[in-house]
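Q: here is a sequence together with a model predicted from it:
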Amino acid sequence: MSVKAIDGDMAPRDMTTAPAGVAASPAMIAARLERLPLTSYQRTLFLIIATAWFFDSIDLGTLTFVLGSIRTEFGLSTAQAGLLSSMSFIGMFFGASLAGMAADRFGRAIVFQVSMIFWGLGSLACGLAPDVWTLAAARVLVGFGMGMEFPVAQSIVSEIIPAAKRGRYMALLEGFWPLGFIAAGLLSLVILPLWGWRGLFIVEAIPALYVLYIRRAVPESPRWLADHGQLAQADRITSEMEARVERASGRALPPVAAVPATTSRQEQRFSFAYLWAPQYARRTVMLWCLWFFALFGYYGLTTWLGALLQQAGFAVTKSISYTVLISLAGVPGFFFAAWLVEAWGRKGTCVLTLVGSAVFCYFYGTASSFTQLIACGLAMQFFLFGMWSVLYAYTPELYPTRARATGAGCASAIGRVGSLIGPYAVGVILPALGQTGVFSMGAGAFLIAALIVLLLGEETKGRTLGDISH
């Protein structure tokens, strides 16, 4: 009776026995990890990464709640405020571009740790900024750290969670973004009246110290180590993970599937051009377009939510409270998406959340009463945060280990171009077309993204990373 081999970068194949001498080959490391049952050990690693993601999201979400106050203090026009809000995304573009390639070359863990130092220092600099130009530079630094963290965190989680649960946990990881956004709003309600927006940024720099814990708790990815020839270390870390999983589960581990004897070193070499190889070019085009239009629409609108409510006549505290209120719908939104990506699939869930975002984004912008505003805002945030969950579940699955962080990082970087343009576009469009024009623009961007996924996307539900990579 044959068994199916699993290779992180090779297509599944039938093997009757595992050849000698492959205990620490990239193929065997992948097979050993894939057969591990999901236990409290992997969930703990996930929560450690997700907590860092949560802190990061607080910092990014804060600008939504303080942009109105900053605009008032410095006397900024709508176009200038939009440009300031775009500064983070300039940094995120470079951070995501460089971090993906750095993580594929130097390792996941070290790049993830460095990213936290950058955004912590940037947040502190925001609080100490004496003028708007210094503040803009500090926001670039914050964005650089955030841009570094996102694709690397995706790669770490995708490489430690088995295929059967990977999509759900990748979606749940992004679910910490609405939690961070809500926490940013609650912190704003408490800290803004006491210490102003500067105090808020200084307080948000403190969680960067969490990196000291992450250095001890999160191991390097065994898949990455094996793929880079560090087989002894990969074997050691995998053995430690197996022992921890076995203790957590309380039962013996299932047998390891047989694997090929060797993996070509030439096959493991990587360059940026690999993203455009025949088997990956379609995926790259789809992901880059998806990230650009999705983030153009999302950040173009979300960065301005608080300021738009203030412009509509709501006080600062009221605008923050209402923004937090509608953001609460993001929590069931990401849980829904986390369930649906495994029950239905990544592609269908992605299209659904984008179309839902477009529909309720438009109706939010044309709301004629307070009740309609809140109802459409809740529905809009439900689908928007669901969309984020699918983006982060889907993207890293489409590339092999040697290119995963680079592929995710480049897609994220292209998205940051959309993030950069979106808030500035709102600042330009708002005086001419009003809020209806702004939200119509956002709805159009989401519909374009949905169409791209519908035409070019492929389904990855339930497939191993090795199978998807081919």
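A: Great, that's in hand.
Q: please count neighbours and contacts with C-alpha atoms only from this point.
A: Fine.
Q: give me the buried positions along stretch 235-243.
A: Asp235, Ile237, Thr238, Ser239, Met241, Glu242 (16 or more other CA atoms under 10 Å).
Q: in a markdown table, list the residues you listed along with pLDDT.
A: Shown next, in a markdown table, are these (pLDDT from 0 to 100):
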| residue | pLDDT |
| --- | --- |
| Asp235 | 89 |
| Ile237 | 90 |
| Thr238 | 88 |
| Ser239 | 90 |
| Met241 | 91 |
| Glu242 | 90 |
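Q: low-scoring stretches of the stretch 301-450 of the chain, by residue?
A: For the stretch 301-450 of the chain, the stretches flagged by pLDDT under 70 are 303-320.
Q: that one: helices as residue ranges?
A: Ranges of helices in the stretch 301-450 of the chain, per DSSP state H, counting those that start in this stretch, are 305-311, 316-327, 330-343, 346-365, 370-394, 404-456.
Q: nearest to Phe296, out of those?
A: Of all these, it is helix 404-456 that lies closest to Phe296, at 4.0 Å by CA to CA.
Q: packing partners of that closest one?
A: helix 78-106, helix 132-160, helix 281-302, helix 346-365 (3 or more CA pairs under 8 Å, 6 or more residues apart in numbering; DSSP states H and E).
Q: pLDDT (mean, whole number) over the next helix or strand after the first one?
A: Yep, that's helix 78-106 we're talking about. For helix 78-106, the following helix or strand on the C-terminal side (DSSP states H and E) is helix 108-128. The pLDDT scores in helix 108-128 average 87.
Q: got the buried residues for helix 108-128?
A: Buried, per 16+ other CA under 10 Å, within helix 108-128: 108-113, 115-128.
Q: elements contacting it?
A: By 3+ CA pairs under 8 Å, 6+ apart, helix 108-128 packs against helix 40-74, helix 78-106, helix 132-160, helix 163-205, helix 211-217.
Q: reformat the ones you listed as a markdown table; add distance to Met286.
A: Shown next, in a markdown table, are those (distance: least, CA to CA, whole Å):
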| stretch | distance to Met286 |
| --- | --- |
| helix 40-74 | 25 |
| helix 78-106 | 17 |
| helix 132-160 | 17 |
| helix 163-205 | 19 |
| helix 211-217 | 33 |
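Q: and of these, who's closest to Leu301?
A: Among the helices and strands packed on helix 108-128, helix 40-74 sits nearest to Leu301 (CA to CA), with 9.6 Å.
Q: what is the orientation angle of the closest one with helix 78-106?
A: On the basis of axes from the mean of the first three to the mean of the last three CA atoms, to 10 degrees, helix 40-74 is oriented at 150 degrees to helix 78-106.
Q: roughly how far is helix 40-74 from the heart of the chain?
A: 12 Å (CA atoms, centre = their mean, to the nearest Å).
Q: send the alpha carbons of stretch 75-84 over as PDB?
A: Coordinates of each C-alpha in stretch 75-84 appear next as PDB, following Å, rounded to 0.1, in the frame of the first residue of the first chain:
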ATOM      1  CA  GLY A  75      -4.100  73.900  10.700                       C
ATOM      2  CA  LEU A  76      -3.900  71.300   7.900                       C
ATOM      3  CA  SER A  77      -6.100  71.400   4.800                       C
ATOM      4  CA  THR A  78      -7.900  68.200   3.800                       C
ATOM      5  CA  ALA A  79      -5.300  67.500   1.100                       C
ATOM      6  CA  GLN A  80      -2.500  68.000   3.600                       C
ATOM      7  CA  ALA A  81      -4.200  65.800   6.200                       C
ATOM      8  CA  GLY A  82      -4.600  63.100   3.600                       C
ATOM      9  CA  LEU A  83      -0.900  63.400   2.700                       C
ATOM     10  CA  LEU A  84       0.100  63.000   6.400                       C
END
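Q: to Leu340, which of the helices and strands packed on helix 108-128 lies closest?
A: Nearest of the helices and strands packed on helix 108-128 (CA to CA): helix 163-205, 8.3 Å.
Q: tilt between the closest one and helix 330-343?
A: Using the same axes, to 10 degrees: helix 163-205 against helix 330-343 is 160 degrees.
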